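**Student:** Give me coordinates for this.
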Amino acid sequence: MSTIPDLTISSEKVAAVLTKARQFDTKGPVTDPDSGSNACDDSMISVLEDHADDPVQTELVALIRGLNEDEQIDLVALAWLGRGDGSLDDWDELRAEAARAHNKRTARYLLGIPLLGDYLEEALSQFGHSIEEFEQPV
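**Tutor:** Predicted coordinates for the structure are as follows:
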C-alpha cells in the first residue's frame with residue numbers, strides 16, 4: 001500500500017481506549033466475592049479483581065460508547081488489524097466488515113477481546129504512531 005489510510009478516530013482516542021483496556025485486562029477473577037472487610041486490610045487485592053461494578057470497566061464502556069459510529073467501526077477494525085486478521089493493505093476490507101457487523105454492543109464486544117490494548121497498540125504502530133506519543137509525563 002502506497003499511502004496510509006485515513007482514520008475517522010483520532011490516534012489520541014485510540015490511545016485512551018488502549019490504556020484503559022490494559023488496565024481492564026490486568027484484572028483477575030474475584031477470589032472473595034462476599035468479602036466484607038476493608039480493602040486496605042486485604043492489601044488492596046480487590047482492586048485487581050474483575051468485579052461487576054469495576055470503575056475501569058465502567059470508564060472503558062463509557063469511552064467506547066461516547067465514540068460516534070464511524071469511530072467505533074474504526075476501533076473494531078483496528079483491533080482486528082492489530083491481532084493479525086489482515087494487513088494495512090486490507091484496511092478497506094477490514095473496515096467494511098466492521099461496518100457490516102456494527103451494532104449497539106460494540107463496547108461489550110471489544111471488552112471481550114483478550115489483549116485488546118496490545119492489539120490496538122500494534123494497529124497504531126502500523127499507522128505510524130507509538131503509544132509513547134500520547135503518554136503524560138509523570
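
**Student:** For the rest of this, base every contact and every neighbour count on C-alpha atoms.
**Tutor:** Will do.

**Student:** Need the residues that contact the helix or strand hosting residue 59.
**Tutor:** Assigned by DSSP states H and E, residue 59 belongs to helix 55-65. The contact list for helix 55-65 (C-alpha atoms under 8 Å, 6 or more residues apart in numbering) reads 17, 20, 21, 23, 24, 72, 106, 107, 108.

**Student:** contacts for the host helix or strand of residue 123?
**Tutor:** Using DSSP H and E, residue 123 maps to helix 116-126. Under the contact criterion C-alpha under 8 Å, 6+ apart, helix 116-126 has outside partners 11, 14-15, 17-22, 25, 75, 78-83, 88, 110, 130-131.

**Student:** residues of it that come out buried?
**Tutor:** 116, 117, 118, 119, 120, 121, 122, 123, 124, 126 (16 or more other C-alpha atoms under 10 Å).

**Student:** would you list those residues in CSV and tack on distance to residue 61?
**Tutor:** What follows is the buried residues of helix 116-126, written out as CSV (distance: C-alpha to C-alpha, whole Å):
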residue, distance to residue 61
116, 13
117, 14
118, 18
119, 17
120, 16
121, 18
122, 21
123, 20
124, 20
126, 25
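
**Student:** for these, which one is nearest residue 7?
**Tutor:** Checking these against residue 7 with C-alpha to C-alpha, the nearest one is residue 124 at 10.6 Å.

**Student:** State the distance from that closest one to residue 91.
**Tutor:** From residue 124 over to residue 91 the distance is 13 Å, taken as C-alpha to C-alpha, to the nearest Å.
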